[in-house]
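In: below are the sequence and a predicted model for it; my questions follow.
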Amino acid sequence: MKTKTKQPRRNFRILGMAVLISTLCGNLYSQEKLELSQVIEKSNQIIKVSGSVSDSLFILTDKNGQERKRKTISYTKLSKNGIDNIRSTKFLSPADAKGTGILLIENHNGDDDISLYLPALKKVRKIAAGGKKDSFVGTDFSYADVVGFKTEDWSYKSLGDAIVAGKNCFVIEATAKSEKVIQETGYSKRILKIQKDSFLNLAGEVYDENGDLIKRFTFSDYKLVEPANNRWWSMKAEVQNVQTSHKTLIVTENFTVEPNIDDKYFSVRFLEKE
């Protein structure tokens, strides 16, 4: 009488191997996601100096090549938690923008606080979370672009590598995790090109609520402004709205690190002072 082969045991072994492989792949996938989020977080933090004062020239160019220029002075400081950034910006020219002030207070645990002072109205207006997608004082940058994005609000996927300005970069796709994030930022997806050896964000593009490409960004002329903390700043930041053929270039000048900058620059009272 022939002995039957114990097939079930073999099946259990195959099943066990399949579960092990699946678990390992899942762990690797989770690790990949963690590493991408770390790249994003490093890129976010590397431009946050302890405190600074700088002048900027905004050059707005329409689809016909006509230019308008605006000058600002900005003050920044890093919160005591070492994560959140605080920025106040006052417009110096032209006459129709002079005196306009913006105070942006980043809050990694909740909604960011954005205040806008309009000298014509002699009034400070709070920008609600849903207003972060609005234009930053008539430029192609939005309030969300300026105050930044919360790492945990997005899901990340590697799109491989790319060479940008001669630098080897990660190409990372960030997809909004919720409808709330899409409505607040105006973006459903972002593509970032982050330099591998420095974590500097060199370029990117963003997609609107409908998934259509809306803006392309480039960040160049980076300077190591705070060597002790390895903090950098892009002296040229440009965004082009591909849907309107309008673009904005920000040229930063006279960037000075001020670790002990006075708190008076980061108040509504300072915004109201003309």
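Out: The structure has been received and is ready for your questions. It should be emphasised that the depicted structure is a prediction, and the values quoted were computed from it without experimental measurement. Numbering: from 1, shown residues only.
In: need the strands for the stretch 51-200 of the chain, in chain order.
Out: 51-61, 67-78, 85-93, 101-105, 113-118, 123-127, 154-164, 167-176, 189-195 (DSSP state E, counting those that start in this stretch).
In: and the third one, what's buried?
Out: In other words, strand 85-93. 85, 86, 87, 88, 89, 90, 91 (16 or more other CB atoms under 10 Å). In short, each C-beta sits where N, CA and C put it, glycine included.
In: and the third one, what are its bridge partners?
Out: Residue 87 has these beta-bridge partners by DSSP bridges: residue 76, residue 104.
In: contacts only, for it.
Out: Shown in contact with residue 87 (CB atoms under 8 Å, 6 or more residues apart in numbering): 74, 75, 76, 102, 103, 104, 146, 147.
In: if you set the cut-off to 10 Å instead, what comes out?
Out: With contacts defined as CB atoms under 10 Å, 6 or more residues apart in numbering, the neighbours of residue 87 are 52, 74-77, 102-106, 114, 146-148, 265-266.
In: ok, now the first one?
Out: Each residue near residue 85 by CB under 10 Å, 6+ apart is listed here: 44-45, 47-49, 76-79, 104-106, 108, 112, 147-148.
In: and those residues, which is the shakiest by pLDDT?
Out: pLDDT across those is lowest for residue 108, at 89.
In: that residue against residue 147, yeah?
Out: No. The criterion here is CB atoms under 10 Å, and residue 108 misses it with residue 147 at 11.1 Å.
In: show me which of the two is the more surrounded one.
Out: Taking neighbours as other CB atoms under 10 Å, residue 108 and residue 147 compare with residue 147 leading, 23 against 15.
In: just flag the most distant two among the contacts of residue 85.
Out: 49 and 112 (18.6 Å; CB to CB).
In: the more surrounded of these two?
Out: Counted by other CB under 10 Å, residue 49 and residue 112 do not tie: residue 49 has more neighbours, with 23 against 20.
In: you'd agree the more buried one is in a strand?
Out: No. With DSSP: H, G, I helix; E, B strand; the rest coil as the criterion, residue 49 is located in coil rather than a strand.
In: separation between it and residue 109?
Out: Distance of residue 49 to residue 109, computed by CB to CB, to the nearest Å: 22 Å.
In: next one: residue 247
Out: Noted for residue 247: a distance of 34 Å to residue 109, by CB to CB.
In: with neighbour numbers in mind, choose between these two.
Out: The neighbour comparison of residue 247 against residue 109 (other CB under 10 Å) goes to residue 247, with 19 against 8.
In: the more buried one belongs to a strand?
Out: Yes. Residue 247: assigned to a strand according to three-state DSSP.
In: what separates it from residue 72, distance-wise?
Out: Applying CB to CB, the value for residue 247 to residue 72 is 18 Å.
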